[in-house]
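Q: Generate coordinates for the sequence data below:
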Amino acid sequence: MATQVNVREIILETLLLITRDGEYSHIALKNVLDKYQYLEKRERAFITRVVEGTLERQIEIDYIINQFSKVKVNKQKPVIRTILRSSVYQLKYMDHVPDSAVCNEAVKLAGKKGFVNLKGFVNGVLRNISRNLDMVSYPDPSNEIACLSVRYSLPMWMVEKWISVYGKETVEKMGKAFLEERPVTVRRNTAVVSKEEFEKELEKDGVVYRRHPVLPYAYELTNYDYLAGLLAFQKGYIYIQDISSMQVAEWAEPKEGDYVIDVCAAPGGKAIHLAEKLSGTGYVEARDLTEYKVALIEENIERSGLDNIEAVCQDATINDEASYEKADILIADLPCSGLGILGKKPDLKSKMTVEMAKGLADLQRQILTVVHNYVKPGGKLLYSTCTINREENEDNTAWFVENFPEFEKIREKQMLPGSDMGDGFYIAEFRKQ
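A: Reported below is the predicted structural model:
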């Protein structure tokens, strides 16, 4: 029982780091799982499931709490609000956890955190919800936006925007895809390990794998506890990367000896993929803004064992005349709203705003204005984002062609969750005349 209480306290502290203190969910959860590697596999899985699930379903959970609590969610103290949210997630979506245990542990945790006077409130709200979950009143289906917002826990502004662009049916597919549990996708390091040796290494660790039907180096992995603990990871055989993100190097089609610049490269997946494809020739310059991000790239380069790639600290918004017409291939995978990866970063649902997305679209144009100068005549520029926001994608592509007519658009593709394999992702390819 002591361990179970401790695990719930870990969940509470992790969620507070994300929702109260602004830490990104994937970073907070990774740090917690790194810190508590000694916990049993089932306990680590419980932490992951409740943290991710509470964030993924937060809008629906708040909607439920507000029907049974006199104090509305936005008026509650952060600790109490977070205890209620994670508990309601367990009540509604984790049948194997007894309702009585959820309620009792929540009350104990409230007391342990210094809210003895609110133990009765927590107990009353949760037991009321537990008894009446089947009686929750959801928005009327005629109110399309509100209905989809609560059902898929998406902010109303996102639902409204996406319906106008993609239609209701596609938005429902995306909403379902964001909530589905998906296996981790990895890329085999083709420069250091064969398919046969790689698969044997996975089998040694009991990992279940599924080969991608098109990309021979891509795999979905399940049945493991801790990815960084696998020998295949430690030997540099694998890099965690989504299928959609792998398309950038596929589209780039690097030739032996090419000079590649990736202007916003951290943590380095696309740049390392291109270095692999160069088969030990050419050179990849993987740039990013801060020493911290450069260190992330360097760590992944070192693990990959490649020597035709280097990490460089360089602000993409600042003109670098020494790089003019230097790149055969320029990768501009730029900071974006991340609305295509809400399944992996569910906290973006509450953190991202219309104004922030507009600011990011402007930043992307600012960076493209600078970095297009680095492409050689006849060279390629690949612009990509992990969003499904048209202003950052198709609109920016149209703006780029209009303002820099020496670049010809070769192709573009918007990948959507639920309709395409992988995350929501956008790529546009340009060639400099």
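
Q: What about the closest residue to Asp288 other than its chain neighbours, how many residues nearby?
A: Ranked by Cβ to Cβ, 6 or more residues apart in numbering and with sequence neighbours excluded, the top spatial neighbour of Asp288 is Ala266, at 4.3 Å. For glycine as for every other residue, the C-beta is placed from the backbone atoms N, C-alpha and C. Other residues lying near Ala266 total 21 when counted by other Cβ atoms under 10 Å.

Q: where does the stretch 51-200 of the chain have low pLDDT?
A: Counting by pLDDT under 70, the stretch 51-200 of the chain contains no low-confidence residues.

Q: What are the boundaries of the strands in it?
A: Using DSSP state E, counting those that start in this stretch, the strands of the stretch 51-200 of the chain run over residues 184-188.

Q: Show me where it has its helices.
A: Using DSSP state H, counting those that start in this stretch, the helices found in the stretch 51-200 of the chain span residues 58-68, 78-93, 99-112, 119-132, 144-151, 156-166, 168-179, 195-204.

Q: most packed of the ones you listed?
A: With neighbours defined as mean count of other Cβ atoms under 10 Å, the helices of the stretch 51-200 of the chain peak in mean count at helix 78-93, which reaches a mean of 23.

Q: just checking, what packs against that one?
A: When contacts are defined as 3 or more Cβ pairs under 8 Å, 6 or more residues apart in numbering; DSSP states H and E, helix 78-93 packs onto helix 2-19, helix 41-56, helix 58-68, helix 99-112, helix 119-132.

Q: right, so of the ones you listed, which gets closest to Arg188?
A: Closest of the helices and strands packed on helix 78-93 to Arg188 is helix 41-56, at 24.7 Å (criterion: Cβ to Cβ).

Q: which parts of that closest one are buried?
A: When burial is assessed from 16 or more other Cβ atoms under 10 Å, helix 41-56 yields the following buried residues: 43-44, 46-47, 49-56.

Q: Report the angle between that helix and helix 168-179.
A: Taking axes from the mean of the first three to the mean of the last three Cα atoms, to 10 degrees, helix 41-56 and helix 168-179 form an angle of 150 degrees between their directions.

Q: Contacts for helix 41-56, please.
A: Taking contacts as Cβ atoms under 8 Å, 6 or more residues apart in numbering, the residues outside helix 41-56 that touch it are 3, 7, 10-11, 14-15, 18-19, 25, 29, 32-33, 36-37, 39, 61, 85-86, 89-90, 93-94, 153, 178-179, 225-226, 343, 346-347, 349.

Q: Repeat that for stretch 350-365.
A: Under the criterion Cβ under 8 Å, 6+ apart, residues 19, 22, 58, 155, 157, 317, 334-339, 383, 385, 387, 389, 391-392, 395-396, 399-400 lie in contact with stretch 350-365.

Q: Pull the CA coordinates from that stretch and hand them back as CSV.
A: Listed next in CSV are the C-alpha coordinates belonging to stretch 350-365 (Å, rounded to 0.1, in the frame of the first residue of the first chain):
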residue,chain,number,x,y,z
SER,A,350,-4.2,23.8,-23.0
LYS,A,351,-0.9,25.7,-23.6
MET,A,352,-1.3,26.6,-27.3
THR,A,353,-3.5,29.6,-28.3
VAL,A,354,-4.6,31.2,-31.6
GLU,A,355,-2.2,34.1,-30.9
MET,A,356,0.7,31.8,-30.2
ALA,A,357,0.1,29.9,-33.4
LYS,A,358,0.0,33.1,-35.3
GLY,A,359,3.3,34.2,-33.7
LEU,A,360,4.9,30.9,-34.7
ALA,A,361,3.8,31.3,-38.3
ASP,A,362,5.5,34.8,-38.3
LEU,A,363,8.6,33.3,-36.8
GLN,A,364,8.7,30.6,-39.5
ARG,A,365,8.6,33.3,-42.2
